[in-house]
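Novice: give me the fold of what follows.
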Amino acid sequence: MTDLELAIHAALEAGKLLRAHFGTDAVVDEATHHDIKLELDKKSQELITGILLGSRSGDALYGEEGVAGNPESDRQWIVDPIDGTVNYYYNIPHFCVSIALREAGEIVLGVIHDPMIGETWTVEAGGPPMLNGKVIAASKREKLSESILFVGCGKDEEALRTGIERFRRASVKARKMRMMGSAALGMAYIATGRMDAYIESKISLWDIAAGQLLLERAGGKVDLTPIPGQPDSWSIVATNGRIPLDEIL
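Specialist: This next block holds a predicted model:
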């Protein structure tokens with residue numbers, strides 16, 4: 001089984017778990033004002049970890065719910081077991097499983113799986129971006145006035161303040177604005193031409209690793225600005241590659 005086939009298998013199996021429990025009383029492990037951690041987040045990551053490291057025992061795994069495997073490996077699986085946990089908890093069927101593989105610091109493959117709709121995005125470095133086996137591409141829209149933007153606000157006070165201000169500025173220019181609750185799906189939608197840009201003031205590696213490679217291979221652009229003192233955290237501006245960034249920010 002190739003690395004991509006393995007990642008697809010892990011994502012689909014985790015998706016089956018999430019779909020089977022969707023709409024039931026989810027157990028909350030941790031809750032803050034703006035976020036929720038579910039017992040199912042951990043179960044999903046444990047399932048993914050068992051599949052990936054069971055076949056690639058020398059690899060490392062870096063996930064939202066912790067790390068596993070060989071910390072010295074230059075092959076790191078980057079996993080978000082439920083991207084859109086709050087949506088999931090409130091029975092909103094917009095969430096996904098995101099898996100990427102980073103080798104020697106470079107993302108070499110990505111899989112994003114939406115178990116509710118049955119859509120699976122896949123990509124490898126140098127290869128075409130795919131949705132359910134068909135090649136996709138970002139939109140050709142060049143005018144912000146014709147575009148749909150996806151905005152995230154982050155979870156701390158500063159990130160929320162920045163996100164809301166960006167939403168205010170861009171909303172008067174764009175055709176429509178959306179706040180959908182899953183960064184990985186948002187980037188997959190841009191790669192598919194459904195949306196045109198995504199901005200968020202604070203995002204983590206596991207949220208966007210697979211989506212970044214997918215979108216860039218689909219013709220889009222991803223600009224990441226590191227957040228000082230917070231490794232693998234950035235502010236992000238992702239577009240179809242045609243909308244001028246200065247019009248968004």
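Novice: centre-most residue in this structure?
Specialist: With distances taken as C-alpha atoms, centre = their mean, the residue of the chain nearest its centroid is residue 184 (2.1 Å).
Novice: isn't that residue right up against residue 211?
Specialist: Yes: in this structure residue 184 lies within contact range of residue 211 using C-beta atoms under 8 Å: 4.9 Å. Heads up, the C-betas are built off the backbone N, CA and C, glycines and all.
Novice: got the domain ranges for the chain?
Specialist: 3-135, 144-248 (automatic domain parsing).
Novice: so how far is the longest one from its chain's centroid?
Specialist: Spelled out, that is domain 3-135. In terms of C-alpha atoms, centre = their mean, to the nearest Å, the centre of domain 3-135 is set 9 Å apart from its chain centre.
Novice: equivalent analysis for stretch 136-144, please.
Specialist: Using C-alpha atoms, centre = their mean, the distance from the centre of stretch 136-144 to the centre of the chain it belongs to is 20 Å.
Novice: mean confidence score for stretch 119-133?
Specialist: Throughout stretch 119-133, pLDDT has a mean value of 98.
Novice: again with stretch 236-249
Specialist: Rounded mean pLDDT across stretch 236-249 is 85.
Novice: need the residues that contact it.
Specialist: 138-144, 147, 149, 166, 169-170, 173, 183, 187, 190, 193, 196-200, 203, 208, 211-212, 215, 219-225 (C-beta atoms under 8 Å, 6 or more residues apart in numbering).
Novice: show me which of these are buried.
Specialist: 138-139, 141, 144, 147, 149, 166, 170, 183, 187, 190, 193, 196-200, 203, 208, 211-212, 215, 219-222 (16 or more other C-beta atoms under 10 Å).
Novice: next, residue 73: secondary structure please.
Specialist: coil (DSSP: H, G, I helix; E, B strand; the rest coil).
Novice: distance of it from residue 52?
Specialist: Remark: distance between residue 73 and residue 52 (C-beta to C-beta, to the nearest Å) = 12 Å.
Novice: which residues are common contacts for these two?
Specialist: residue 59.
Novice: show me which of the two is the more surrounded one.
Specialist: Just comparing residue 73 and residue 52: by other C-beta atoms under 10 Å the higher neighbour count belongs to residue 52, 24 against 15.
Novice: and the domains of the chain, which one's lowest on average pLDDT?
Specialist: Looking over the domains of the chain, mean pLDDT reaches its minimum on domain 144-248, with a mean of 87.
Novice: and it, end to end?
Specialist: With C-alpha to C-alpha, to the nearest Å applied, domain 144-248 spans 8 Å between its terminal residues.
Novice: which residue, neighbours along the chain excluded, lies closest to residue 83?
Specialist: residue 184 (4.4 Å; C-beta to C-beta, 6 or more residues apart in numbering).
Novice: may I see the buried residues of the longest helix along the chain?
Specialist: Ranked by residue count and defined by DSSP state H, the top helix of the chain is helix 3-21. Neighbour counts over helix 3-21 (16+ other C-beta under 10 Å) mark 3-4, 6-15, 17-18, 21 as buried.
Novice: tell me the phi and psi of the residue nearest to residue 219 when sequence neighbours are not counted?
Specialist: What sits nearest to residue 219 in space, not counting adjacent residues and going by C-beta to C-beta, 6+ apart, is residue 138, at 4.5 Å. Here is the backbone geometry of residue 138 (degrees, to the nearest 10): phi -70, psi 160.
Novice: over to the one 4 residues further on?
Specialist: Taking degrees, to the nearest 10, you get phi -110, psi -20 for the backbone angles of residue 142.
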